[in-house]
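J.: Next come a sequence and a model predicted from it.
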Amino acid sequence: MKKHRCQICGYDYDPEVGDPDNGVAPGTAWEDVPDDWACPICGAGKDAFDEL
Amino acid sequence: MRPVELSKNVYWVGAVDWLTRDFHGYSTERGTTYNAYLIIDEKVTLIDTVKSGYCHELMHRIRNIIDPKKIDYLIVNHVEMDHSGSLPQVVQEIQPEKIICSKMGQKALTQHFHQPDWPYHVVTPGEELRLGPNKTLSFVETRMLHWPDSMFSYLKEDQILFSSDAFGEHLASSERFDDEVNQDVLMHEATKYYANILTLYSPIVKKLIAQVEAMHLPLKMIAPDHGIIWRKNPKKIIDAYSRWCVNESNGKALVIYDSMWHSTEMMAKSIAGGLQDKGISYKLLNLQVNHHSEVMCDVLEAGAVILGCPTLNNGLLPRMAGFLMYMRGLRPTNKIGAAFGSYGWSGEAVKLMNTAMSEMNFRLIHPGLRVQYVPEHGQLQECVELGHIVGQALLDAKAGNKAV
Ligand SMILES: [Fe+2]
Ligand SMILES: [Fe+2]
Ligand SMILES: [Zn+2]
C-alpha cells in the first residue's frame, strides 16, 4: 500500500499505521481515507498530499 | 514607566531585545521585540509571553498596570521559545485559571514544558470567550503560520487582531506603532521576515487572507508578536502579504555567487554587464559578504536568480551549498534560473546548482556556463550573453509573453 506525503508540513500518511487519533484505523488505504480527513499536523486536506 | 496603551484597557507589555543579532541563523541587525499584551476586564488576560531572560521586563510592565496575580487567562498564540521561554516562570507567578491555546498548541506545550496538569483550555474555531462586559475574544486557527500550534486572537470590541508571528518583523525600537517609525526600514524588515520565515507557507497565507476577508472582521489594528503594532495602516502589511503570497515578481535579477580566486567573480560581473545592457535592475551578491537571510530578502521578489560557484573537491563551496539548502527549504517560486562557475579539472558545481534549481521548479533558461581556471575575453563575452538571455526573459515575462 502506498504512502502519501503532505506537501505543506512533510507528514507521511502510512496506511499500515493509519491515523487512529482522528478516526482512521490502521490498515486503511489512502483511497479509503475519508475526504474530510485533514493532515494531523498542519490541517491540510487530502488534496495537499502527493504519493510517495 | 508609562504603560503603552493600544486602546482602553489593552496594553503592550512585551520586551525589547536590542542585543540579538542571530536568530537561529536569521541575521537580526536591528534587534527584535517579543510582544505580549494585557487586556483588563472582569477576567484579566495576558496574550503571549516573552523569550527566556526577558521575564523580568514583562512582569515589570504588567506590575505597572495591575498585580500579575490578578491575571486569569493566559493565551498562548504560538509555542516557539521566543514567545514561551518564560512561560513556566509566568505560570508559576500568576497561577492562571486557564491556559488558552489551539489543539496543536496543547500538544506542543506539553512536549516543551512537560506539564500535563496545567489548566489547558483548547479553543474551538469560532468560539467566543467573554472576558467581561467590555471585552470578547475569538480565535482563528492558523496552522503552519508558521508552526502547527499557531493561532490568532481577535478582540471584538476594540477590533484588534493579535496575529502571533504573522505580520511582524524583527525591529527593536523605542516606538511601538507603525506611524512612529521610518517606513522604509519597517517595510524592509517586514519583507525580510516574510522571506525568511513564511515564503514556504505562501499557499496558506493566500488562503488565510481570503478566509479573513470573508469573515469581514473589522480591523482597526494588527498586533503581532515581533516589532511594531499596525494601528495607522494595517492595510499596508495585508497588501504586502497579498503580493508576496502569490510570488509577484519585481522583474529584477540577482547574481548570487562565491569565488575562490576571482574567476567566478569575473564571470559574475560580466553577466551583470549583460543584464545592464538590457536595462535590468540587478544586484551582485557575494555570499562572503552578504548574509543568507539578507539574500533571501532579495530573492522573495526577484524575477531571476543566477547562481555562481567554482568547483571545490568535486562539489560546491560550502557557503553556496549552505545557501542552496536554506533557499530550498524556503521554497521560493516563479523564478528564472541560470548557473555559472569556474573550475580546475572536474567542474561539477554548475550541474549541482542546476539540479538544485530544477528541484525548486525554477525555469532554467540556459544549460550553464563553465570556465576552466581563469576566463579570457571570449569567455567573458559568453557571460555577457548569458546576462542578455536572462535579461530578455525578464523583459518577456514583464510583457506577459511568457509566464516566468
Ligand atoms: Fe515563531
Ligand atoms: Fe516569533
Ligand atoms: Zn501536513
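T.: On my side now, so go ahead. Ligands and ions are numbered 1, 2, ... in the order given.
J.: separation between the residue in the stretch 301-404 of chain B that ligand 1 sits nearest to and residue B:392?
T.: Nearest residue of the stretch 301-404 of chain B to ligand 1, counting by CB to the ion: residue B:330, 14.6 Å away. For every residue, glycine as well, the C-beta is placed using N, CA and C. Distance, residue B:330 to residue B:392, by CB to CB, to the nearest Å: 27 Å.
J.: What of residue B:178?
T.: Distance from residue B:178 to residue B:392, by CB to CB: 40 Å.
J.: Now do the contacts for the residue of the stretch 301-404 of chain B found nearest ligand 2.
T.: Using CB to the ion, the single residue of the stretch 301-404 of chain B nearest to ligand 2 is residue B:330, 16.2 Å away. Neighbouring residues of residue B:330 by CB atoms under 8 Å, 6 or more residues apart in numbering or on different chains: B:195-196, B:199-200, B:296.
J.: got it, and residue B:160?
T.: Per CB under 8 Å, 6+ apart, neighbours of residue B:160: B:6-7, B:10, B:154, B:220-223.
J.: repeat for residue A:35
T.: Going by CB under 8 Å, 6+ apart, the list of residues near residue A:35 reads residue A:46.
J.: Okay, it and chain B: tell me how far apart.
T.: 18 Å (CB to the nearest CB, to the nearest Å).
J.: Now that residue: phi and psi?
T.: phi -60, psi -30 (degrees, to the nearest 10).
J.: try residue A:5
T.: Dihedral angles for residue A:5 - degrees, to the nearest 10 - are phi -110, psi 130.
J.: so it touches residue A:52, yeah?
T.: Yes. With contacts defined as CB atoms under 8 Å, residue A:5 counts as touching residue A:52 at a distance of 5.4 Å.
J.: okay, the two: which has more neighbours?
T.: A count of neighbours by other CB atoms under 10 Å in any protein chain shown puts residue A:5 above the other of residue A:5 and residue A:52, at 16 against 10.
J.: Count residues in the vicinity of the closest residue to ligand 1 within the stretch 1-150 of chain B, would you?
T.: At 3.7 Å from ligand 1, residue B:80 is the closest residue in the stretch 1-150 of chain B, using CB to the ion. Neighbour count for residue B:80, taken as other CB under 10 Å: 18.
J.: May I have the residues that are in contact with residue B:48?
T.: Contact analysis of residue B:48 by CB under 8 Å, 6+ apart lists B:14, B:34-37, B:75-78, B:83-84, B:162, B:164, B:225.
J.: Quick one, which of these are buried?
T.: Neighbour-count burial (16 or more other CB atoms under 10 Å in any protein chain shown) applied to these gives B:14, B:34-37, B:75-78, B:83-84, B:162, B:164, B:225.
J.: ok, back up a step: quick check: neighbours shared by residue A:5 and residue A:52?
T.: Residues touching both residue A:5 and residue A:52 by CB under 8 Å, 6+ apart: residue A:12.
J.: quick one: average pLDDT of stretch B:146-153?
T.: Taken as a whole, stretch B:146-153 has a mean pLDDT of 96.
J.: Quick one: end-to-end distance for that stretch.
T.: Start-to-end span of stretch B:146-153 (CA to CA, to the nearest Å) is 15 Å.
J.: Mind listing residues that contact it?
T.: So stretch B:146-153 is in contact with A:9, A:41-43, B:47, B:75-80, B:101-102, B:104-105, B:107-109, B:123, B:137-144, B:161-166, B:197-198, B:201, going by CB under 8 Å, 6+ apart.
J.: contacting residues around the residue most central in space within chain A?
T.: Central residue of chain A (CA atoms, centre = their mean): residue A:13, 3.9 Å from the mean position. Applying CB under 8 Å, 6+ apart to residue A:13 gives the contacts A:3-6, A:19, A:30, A:33, A:49.
J.: now, which of those sits nearest residue B:170?
T.: Checking the contacts of residue A:13 against residue B:170 by CB to CB gives residue A:6 as the nearest, at 28.7 Å.
J.: separation between the closest one and residue A:50?
T.: From residue A:6 to residue A:50 the distance is 8 Å (CB to CB).
J.: cool, residue A:8 as well?
T.: Taking CB to CB, one finds residue A:8 at 11 Å from residue A:50.
J.: So which of these two has more stuff around it?
T.: residue A:8 (20 against 9).
J.: who's in contact with the residue lying closest to residue B:265 once chain neighbours are set aside?
T.: Sequence neighbours aside, residue B:259 is the residue nearest to residue B:265 in space, at 4.0 Å (criterion: CB to CB, 6 or more residues apart in numbering or on different chains). By CB under 8 Å, 6+ apart, residue B:259 lies in contact with B:265, B:268, B:286, B:288, B:308, B:310, B:342.
J.: The second one - how many residues pack around it?
T.: For residue B:268, the count of nearby residues is 26 (other CB under 10 Å).
J.: so residue B:13 makes contact with residue B:65?
T.: Yes. Using CB under 8 Å, residue B:13 is in contact with residue B:65, at 7.2 Å.
J.: what touches both of the two?
T.: Shared contacts of residue B:13 and residue B:65 (CB under 8 Å, 6+ apart): B:3, B:38.
J.: Between those two, which is the more surrounded one?
T.: Between residue B:13 and residue B:65, counted using other CB under 10 Å, the more crowded position is residue B:13 (26 against 18).
J.: Next, give phi and psi for that one.
T.: Dihedral angles for residue B:13 - degrees, to the nearest 10 - are phi -130, psi 30.
J.: so what's residue B:249 closest to, chain neighbours aside?
T.: residue B:303 (3.9 Å).
J.: Now do the contacts for the one you found.
T.: B:249-253, B:335-336, B:394, B:397-398, B:404.
J.: just the contacts of residue B:330 now: which is nearest ligand 1?
T.: Once CB to the ion is applied, the member of the contacts of residue B:330 that ends up nearest ligand 1 is residue B:196, at 11.3 Å.
J.: helix/strand/coil for the closest one?
T.: Residue B:196 falls in the helix class when you classify it by DSSP: H, G, I helix; E, B strand; the rest coil.
J.: Quick check: residue B:231 touching residue B:181?
T.: No. Applying CB under 8 Å, one finds residue B:231 not in contact with residue B:181, separated by 11.8 Å.
J.: Now do the SS call for residue B:169.
T.: Classification of residue B:169 using three-state DSSP returns coil.
J.: Roughly how far does it sit from chain A?
T.: Taking CB to the nearest CB, one finds residue B:169 at 24 Å from chain A.
J.: Could you check how many residues crowd around that residue?
T.: For residue B:169, the count of nearby residues is 24 (other CB under 10 Å).
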